[in-house]
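J.: model this:
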Amino acid sequence: MKIHFIAIGGAVMHNLAIALHQKGYIITGSDDELFEPSRTRLRENNLLPDKTGWDPDRIHTGLDAVIVGMYARKNNPELKKAQELGIRIYSFPEYLYEQSKNKKRVVIGGSHGKSVITAMVMHVLLEQGIDFDYMLGCDIDGFDTTVKLSESAPFIILEGDEYLSSPLDRQPKFHQYYPHMTLLSGIAWDHMNVFRTFKSYQKQFQNFLKIATGGGKVFYYEGDPVLGEVVDKSHWSLLKIPYGAHPHRIEDERFVLETKYGSVPLSVFGRHYMQNIMGALLLCRELGVEEHQFYSSIQHFKGADRRQQLLASGNNRAIFLDYAQAPTTVKATIQAFKETYIDQKLITCLELHTFSSLNPEYLQQYKGTLDESDRAMVYYDPSLVKKYRLPALSPVILKEHFNKDDLVVYNDTEQLVNDLESPYDDSFILLIMTSGNFSGIDLNILARNIVSR
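T.: Numbers count the residues shown, from 1 in each chain. The predicted structure is shown next:
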């Protein structure tokens, strides 16, 4: 098979390209920008494009298929050439289904927690020596790539993202997978750039469960009333199994599971993680893992990339990075750190980076999310606001929406770095939350500088 990737540098796209290359397919690709780690990974697998940019000459009748990434435009010259030649064009979720349509498909979705639950399931299955295929949107320890496609594995674990599939296919990605078994962790409005109202966003999950009917199973977090309503209204043939948080306690700044086999200490923390663990347990049990095996493996789970990630520690200070961005995840993440590190001051620094988080119509969702912080900071890049063609923001507007009078708002990285490197207390936890990169700040260097002062 000869396949060309348009926008090969995407997080899943480059991993899918590598997975198919390892399967023996002939892979080519293109992109107008390539960042790390995709650039290095593609180079190591001899898949790095010989030049950046788009070239219609890369598209020819010898190709079996073209896979197009979400960030390619409809008028992309390579895409137009493929259309003219009548070459089969796929989005990556559509192609993942093609590769797994003869397997049992397990899809893990929800507005928050889906990456972590998927990572937990993958970690346990790997430790227990169970053969499986997978697709995950972030890196985790023990896996060289985030996509695996084989002939032998009887089932595939898929992270079910609700964002759009491609510029040509406006369906949410998780609508493409037709699961036999699924888990939904919760519904909280996101992706306002494509789902302009909460009702339209909620409808994507309603439609997803229509696809999952026909004797399938759905595990769902029972503490989310919106999700509960969506599941209740789904087809009668869908087996509906609720779950809550796993019984636990906090002991010496560590979360410990309480099980019939005894106490199981964890490397992750927070009540939302206890919910995620219970969901992962139910899925793993369905996939042939005994409960005692699950507990034996989950205690070694250290989290997914950029989730509760320790950047540096020393001098009674610790700097953590977390992917939290949506209001519900920001609040839950802060709560987890407050519960765990009860004797230390908590400084939080949130970057508003996405279209939704920078949109004044959506910002009111952040009200109260930073209240448990001892000191709270928010950063935004005015040029990104202009790029999204959104109304201008100001510190006054943000303070009103967050409803926190002592909130410190930054739109200049130099001032932000200066203040972060001059903390007000000798002992503290700094929690940095972002799905971006603070306009290019090297967070690892910043963290080392903070703990060394």
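J.: okay, now residue 372: neighbour count?
T.: Residue 372 has 15 neighbours, counted by other C-beta atoms under 10 Å. C-beta coordinates here come from the backbone N, C-alpha and C atoms, glycine included.
J.: measure it to residue 342 for me?
T.: Per C-beta to C-beta, to the nearest Å, residue 372 is found 11 Å from residue 342.
J.: same check, this time on residue 119
T.: In terms of C-beta to C-beta, residue 119 sits 27 Å off from residue 342.
J.: Of these two, which one has the most company?
T.: Set side by side, residue 119 and residue 342 show more neighbours around residue 119, with 31 against 10, by other C-beta under 10 Å.
J.: before we move on, what SS does the more buried one have?
T.: Classification of residue 119 by DSSP: H, G, I helix; E, B strand; the rest coil places it in helix.
J.: ditto for residue 406
T.: coil.
J.: That one contacts residue 376, correct?
T.: Yes. Using C-beta atoms under 8 Å, residue 406 is in contact with residue 376, at 7.2 Å.
J.: quick one: which of these two has more around it?
T.: More crowded of residue 406 and residue 376, by other C-beta under 10 Å: residue 376, with 22 against 10.
J.: any idea how far the more buried one lies from residue 175?
T.: As judged by C-beta to C-beta, residue 376 and residue 175 stand 37 Å apart.
J.: Same question for residue 151.
T.: Distance of residue 151 to residue 175, computed by C-beta to C-beta: 26 Å.
J.: out of these two, which sits in the busier spot?
T.: Taking neighbours as other C-beta under 10 Å, residue 151 and residue 175 compare with residue 175 leading, 20 against 9.
J.: who's in contact with the more buried one?
T.: 165, 204, 207, 208, 211 (C-beta atoms under 8 Å, 6 or more residues apart in numbering).
J.: now do residue 101
T.: Applying C-beta under 8 Å, 6+ apart, the residues near residue 101 are residue 178.
J.: Show me the beta-bridge partners of residue 65.
T.: Counting by DSSP bridges, residue 65 is bridged to residue 3.
J.: okay, now it: neighbour count?
T.: Count around residue 65 with other C-beta under 10 Å applied: 17.
J.: Ok, residue 193 next?
T.: For residue 193, using other C-beta under 10 Å, the count is 15.
J.: any idea which helix or strand carries the residue nearest the centre of the chain?
T.: Closest to where the C-alpha atoms of the chain average out (C-alpha atoms, centre = their mean) is residue 115, at 4.7 Å. In this structure, residue 115 sits in helix 114-127 according to DSSP states H and E.
J.: Which elements pack onto that helix?
T.: strand 104-109, strand 155-160, helix 271-286, helix 291-298 (3 or more C-beta pairs under 8 Å, 6 or more residues apart in numbering; DSSP states H and E).
J.: Low-confidence regions, this structure specifically.
T.: Applying pLDDT under 70 to the chain flags residues 213-215, 423-424.
J.: Could you point out the longest strand of it?
T.: Secondary structure assigned by DSSP state E gives strand 345-352 as the longest strand of the chain.
J.: For that strand, what is the distance to the chain centroid?
T.: 19 Å (C-alpha atoms, centre = their mean, to the nearest Å).
J.: That strand pairs with which strands, and in what direction?
T.: Neighbouring strands of strand 345-352 in its sheet, by DSSP bridges, are strand 375-380 (parallel), strand 428-433 (parallel).
J.: what comes up buried for that strand?
T.: Buried positions in strand 345-352, judged by neighbour count with 16 or more other C-beta atoms under 10 Å: 345, 346, 347, 348, 349, 350, 351, 352.
J.: Likewise for stretch 170-189?
T.: 172-177, 179-189.
J.: Bridged to residue 318, which residues?
T.: residue 313, residue 429.
J.: mind checking how far residue 167 is from residue 8?
T.: Residue 167 is 15 Å from residue 8, by C-beta to C-beta.
J.: meant to ask about residue 428
T.: Per C-beta to C-beta, residue 428 is found 42 Å from residue 8.
J.: now swap in residue 327 and tell me
T.: The value you get for residue 327 to residue 8, if C-beta to C-beta is used, is 33 Å.
J.: now residue 441
T.: 27 Å.
J.: In JSON lines, list the contacts of residue 175 along with secondary structure and distance to residue 156.
T.: Output for the contacts of residue 175, formatted as JSON lines (DSSP: H, G, I helix; E, B strand; the rest coil; distance: C-beta to C-beta, whole Å):
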{"residue": "165", "secondary structure": "coil", "distance to residue 156": "17"}
{"residue": "204", "secondary structure": "helix", "distance to residue 156": "21"}
{"residue": "207", "secondary structure": "helix", "distance to residue 156": "21"}
{"residue": "208", "secondary structure": "helix", "distance to residue 156": "17"}
{"residue": "211", "secondary structure": "helix", "distance to residue 156": "16"}
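J.: of those residues, buried ones?
T.: 165, 204, 208, 211.
J.: Now flag whichever of these is closest to residue 296.
T.: When those are ranked by distance to residue 296 (C-beta to C-beta), residue 208 comes first, at 32.7 Å.
J.: one step back: and residue 441 and residue 8? which has more neighbours close in?
T.: Taking residue 441 and residue 8 together and counting by other C-beta under 10 Å, residue 8 has the greater number of neighbours (25 against 19).
J.: Skipping its backbone neighbours, what lies nearest that one in space?
T.: Spatially, and ignoring its direct neighbours in sequence, residue 8 is nearest to residue 29 (3.1 Å; C-beta to C-beta, 6 or more residues apart in numbering).
J.: CA-only coordinates of whichever strand or helix holds the one you found, as CSV, when you get a sec.
T.: Residue 29 belongs to strand 26-30 when assigned by DSSP H and E. Extracted in CSV, the C-alpha atoms of strand 26-30 (Å, rounded to 0.1, in the frame of the first residue of the first chain):
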residue,chain,number,x,y,z
ILE,A,26,5.1,2.9,1.7
ILE,A,27,4.5,6.3,3.3
THR,A,28,5.1,9.8,2.0
GLY,A,29,4.0,13.1,3.6
SER,A,30,4.0,16.8,3.5
